[in-house]
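[1] A predicted structure for the sequence below; I have some questions about it.
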Amino acid sequence: MDVFEAIKSRRSIRSFTREDISDEQVEKILEAARWAPSAGNLQPWEFVVIRRPDIKREIARAALNQTFIEEAPVVIVVCANEARSGSVYGSRGVNLYCIQDTAAAIENMLLAACALGLGACWVGAFYEEEVRRILKIPRGIRPVAIIPIGHPHERPMPPHRRPLKELVHYETF
């Protein structure tokens, strides 16, 4: 799949079939994330791959009871290593760069899943400390997103996008 096709066809999928996804597919998605750009090439991302139903259920509860999360065969919690970014860039690394870098990795994951014919959703609504507790995430590592991945059971229509003329500014705002 061409990158522009993946960008335009990617959707937030919240309904999955019961079909499993292979370890090879998961590895391809993680490999795509690993190749995202990052400030100073520090690569401050960490990934927790979850297949166990009991842990997925707990994560879904911590994500404001978004039960579709536990229906996905694989859930990846993407974390930002604040200490890694902060060691070079101080508070800006902790508060901004590691989040930007992790967001780039997440988008690569979503596009890779789409290119593989899979569906995924970027879930940001969750109780961070609860997810940290469930997954035993150490301090200095911040859970940023929950990504359920599976075979899509739905094909949502393309969402409305603002026209470029409304959001592009040349030379000055």
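    Done, it's in. Numbering: from 1, shown residues only.
[2] so what's residue 1 scoring on pLDDT?
    For residue 1, the model assigns a pLDDT of 82.
[3] My guess is it contacts residue 111. True?
    No: contact status for residue 1 versus residue 111: not in contact, 9.0 Å apart, counting by Cβ atoms under 8 Å. (C-beta placed from N, C-alpha, C; glycine too.)
[4] give me phi/psi at the residue lying closest to residue 153 once chain neighbours are set aside?
    Using Cβ to Cβ, 6 or more residues apart in numbering and skipping the chain neighbours, the partner closest in space to residue 153 is residue 15 (4.1 Å). Note on residue 15: its backbone torsions stand at phi -150, psi 130 [degrees, to the nearest 10].
[5] Same question for residue 140.
    Taking degrees, to the nearest 10, you get phi 90, psi -10 for the backbone angles of residue 140.
[6] What of residue 81?
    Backbone torsions for residue 81, taken as degrees, to the nearest 10, come to phi -90, psi 90.
[7] Pull the number of nearby residues for it.
    As a burial measure, residue 81 scores 22 neighbours (other Cβ atoms under 10 Å).
[8] now swap in residue 42 and tell me
    Other residues within reach of residue 42, judged by other Cβ under 10 Å, total 18.
[9] for it, what are its contacts?
    With contact set as Cβ atoms under 8 Å, 6 or more residues apart in numbering, residue 42 has these partners: 84, 85, 88, 93, 97, 101.
[10] Look at residue 14 and give its secondary structure.
    coil (DSSP: H, G, I helix; E, B strand; the rest coil).
[11] Contacts only, for the residue nearest to it when sequence neighbours are not counted.
    Closest residue to residue 14 apart from its sequence neighbours, by Cβ to Cβ, 6+ apart: residue 68 at 4.3 Å. Taking Cβ under 8 Å, 6+ apart as the definition of contact, the neighbours of residue 68 are 14, 15, 16, 60, 121, 148.
[12] Can you read off the pLDDT for the second one?
    The reference is to residue 15. The predicted local confidence for residue 15 comes out at a pLDDT of 97.
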